[in-house]
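A.B. asks: Sequence unavailable; structure follows:
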């Protein structure tokens, strides 16, 4: 096992230990309520929507970038889907929303990779634009999809007692994991974030791969917006609020590096469940959402601070 694989294994192992500790703590504090069938279903529903976006964000972080517009993309594409499903067949409404997400991702990719803007500035600015468009086309009001019989049927469909959303979440994770682990595209994503100049000198089209990472995360944000709209039977202009930092912090907590080149879908999945179980437990205990944000922020800062300090020590030792 080389040093890179050893470091990845160690990070995954540490993340699994954190997840196991949180699950045990949740079980004790909730008096066993955290492992009931009803609560597990609720947990999977919570993680599913965030997780699909998180899998896309993994591509962006692996390229050494991040996208602060995913919440607005989810909101806008959810509204586009809700508007379209009322005037066209369900599959075409889905395609329209996914195409919108891909287009928004391409815009972000052009801003960051093509025009050279930092991902913070570029996607923060586009986030406000996308959010404004969502409010304009919805007039600031929820848009119902209850008139679509297929959308209603999907929201009620269950497999082994679970709604369809967790299965789509896991399927998305498997596809993303396969792309990153076994395809040339995935290897080039790692190379782009691992060492930009070296990747460029070896002939890899680094700008293209960075651009595509934004297309992927926004397309998956659109998919999440569709699923959330189906689940709630309406699209609201506030659907994606607080999603950006929640997703990014979950992926980082799982062990994906903010500087690019380190991470995978498995680590992202662990991070999503760490935050999901923690949030779910705090909900069971009746803790206010304001305090939950404080806990999540402290956890994120602790994880990033610990990783930064470890990197500093390793660098100083050389």
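C.D. replies: Yep, that arrived. None of the values given here were measured: they were computed from a predicted structure. Numbers count the residues shown, from 1 in each chain.
A.B. asks: which stretches of the protein have low pLDDT?
C.D. replies: With pLDDT under 70 as the threshold, the chain has low-confidence stretches at 1-16, 27, 303-318.
A.B. asks: Just the strands from it, written as ranges.
C.D. replies: Counting by DSSP state E, residue ranges of the strands within the chain are 143-144, 158-159, 162-163, 234-235.
A.B. asks: which one of these is the most hemmed in?
C.D. replies: Per-residue neighbour counts averaged over each of those give the maximum for strand 234-235, namely a mean of 24 (mean count of other Cβ atoms under 10 Å). Using the backbone N, CA and C atoms, a C-beta is placed for each residue, glycine as well.
A.B. asks: and that strand, what other elements does it pack with?
C.D. replies: Packing contacts for strand 234-235, counted by 3 or more Cβ pairs under 8 Å, 6 or more residues apart in numbering; DSSP states H and E, involve helix 70-85, strand 143-144, helix 206-232.
A.B. asks: Most tightly packed of those?
C.D. replies: For those, average neighbour numbers computed from mean count of other Cβ under 10 Å are highest in helix 70-85, which has a mean of 29.
A.B. asks: circling back to that earlier point, looking at the strands of the chain, spot the one closest to residue 152.
C.D. replies: Nearest to residue 152 among the strands of the chain is strand 143-144 (10.7 Å), distances taken as Cβ to Cβ.
A.B. asks: Export the strands of the chain as a markdown table, with columns for distance to residue 286.
C.D. replies: Supplementary listing: the strands of the chain in a markdown table, determined by distance: least, Cβ to Cβ, whole Å:
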| stretch | distance to residue 286 |
| --- | --- |
| strand 143-144 | 31 |
| strand 158-159 | 28 |
| strand 162-163 | 25 |
| strand 234-235 | 27 |
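A.B. asks: Out of these, flag the one nearest residue 209.
C.D. replies: Each of these has some distance to residue 209 by Cβ to Cβ; the shortest is strand 234-235, at 31.6 Å.
A.B. asks: middle-most residue in the protein, spatially?
C.D. replies: Centrality entry for the chain: nearest residue to the mean C-alpha point is residue 54, 1.7 Å, by Cα atoms, centre = their mean.
A.B. asks: So that one versus residue 221, what's the distance?
C.D. replies: 10 Å (Cβ to Cβ, to the nearest Å).
A.B. asks: re the thing from before, could you work out which of the strands of the chain reaches nearest to residue 19?
C.D. replies: strand 162-163 (20.1 Å).
A.B. asks: List the pairing partners of the closest one within its sheet, with orientation.
C.D. replies: strand 158-159 (antiparallel) (DSSP bridges).
A.B. asks: Which residues outside the partner strand are in contact with it?
C.D. replies: Contact with strand 158-159 is made by 164, 167, as judged by Cβ atoms under 8 Å, 6 or more residues apart in numbering.
A.B. asks: Spell out, range by range, the helices that occur in the stretch 101-250 of the chain.
C.D. replies: Here the stretch 101-250 of the chain has its helices, by DSSP state H, counting those that start in this stretch, at 119-138, 149-156, 164-182, 184-194, 196-201, 206-232, 243-254.
A.B. asks: What helices and strands are in contact with the shortest one?
C.D. replies: Read that as helix 196-201. Under the contact criterion of 3+ Cβ pairs under 8 Å, 6+ apart, the helices and strands touching helix 196-201 comprise helix 184-194, helix 206-232.
A.B. asks: residues contacting residue 25?
C.D. replies: Residues near residue 25 by Cβ under 8 Å, 6+ apart: residue 281.
A.B. asks: Kindly apply the preceding question to residue 212 instead.
C.D. replies: Applying Cβ under 8 Å, 6+ apart, one finds that residue 212 lies in contact with 59, 109, 185.
A.B. asks: Going through those, which ones are buried?
C.D. replies: Burial by neighbour count, 16 or more other Cβ atoms under 10 Å: within the contacts of residue 212 this picks out 59, 109.
A.B. asks: Same list (the contacts of residue 212) but as TSV, adding distance to residue 150.
C.D. replies: Conversion of these to TSV gives the following (distance: Cβ to Cβ, whole Å):
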residue	distance to residue 150
59	30
109	32
185	33
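A.B. asks: Out of the contacts of residue 212, flag the one nearest to residue 259.
C.D. replies: Comparing the contacts of residue 212 against residue 259 with Cβ to Cβ picks out residue 59 as the nearest, at 15.0 Å.
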